[in-house]
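*Asks:* Pasted the sequence and its predicted model underneath.
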Amino acid sequence: FMRVGSTQTLQTDVRVIAATNRCPYEAVASGKLREDLLYRLNVFPIELPPLRERLTDVPLLAQHFMEAISQREGQAKQFTASALKQLAQYSWPGNVRELRNAVQRAYVMEPGPLVGQEWLPRPPVAIAQQPAPLPIGMTMAQAERLLIQATLKQCKYQKERTAAVLGISLKTLYNRL
């Protein structure tokens, strides 16, 4: 290759590591990925199932993320056994990124050295009561506000807890109220 503005050819040896959450063959078929690029990248494919299909990995990954954050921040924190159990029961639709963000949020929100269940996402629970249907014609903003208000009430008006349950930042919660 040549650097921009250079006249000298340079040699290099690189390995490209790429990841996707989509089927690359379907992307080629739909015209979203060039076929020649697929075969250049697909030298040594490694298929990794989503986190929801390997929940036994969750505690190990969560502890790894907690140790990395603790080292970076200079204050060691650990999960309680019940917190790790709760993490392993969640389905992680956002995959490893969601887990990493949940660990970071719990680290920041927990003042003590032991991180319990309070700031962690909870597995969906069947609710005995029927939710009130949203009227047809309601705007998304109105529906979102009703959801936030219902969650706020369920969390006994604790805004930090409400934001954690909704999976949004406290600032976003304030902005949407």
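*Replies:* Noted; the coordinates are in hand. Residues are numbered from 1 along each chain as shown.
*Asks:* now do the same end-to-end measure for stretch 163-177.
*Replies:* One end of stretch 163-177 to the other measures 11 Å (C-alpha to C-alpha, to the nearest Å).
*Asks:* Need the residues that contact that stretch.
*Replies:* If you take C-beta atoms under 8 Å, 6 or more residues apart in numbering as the criterion, stretch 163-177 is touched by 105, 109, 118-122, 144-145, 147-148, 151, 154-155, 159-160, 162. For every residue, glycine as well, the C-beta is placed using N, CA and C.
*Asks:* what pLDDT does the residue nearest the centre of the chain get?
*Replies:* Nearest to the geometric centre of the chain sits residue 98, at 1.2 Å (C-alpha atoms, centre = their mean). pLDDT for residue 98: 94.
*Asks:* That one reaches residue 92, doesn't it?
*Replies:* Yes: taking contacts as C-beta atoms under 8 Å, residue 98 lies within contact range of residue 92: 5.6 Å.
*Asks:* rewinding a little: among the contacts of stretch 163-177, which ones are buried?
*Replies:* If you count burial by 16 or more other C-beta atoms under 10 Å, the buried members of the contacts of stretch 163-177 come out as 105, 109, 119, 120, 121, 148, 155, 162.
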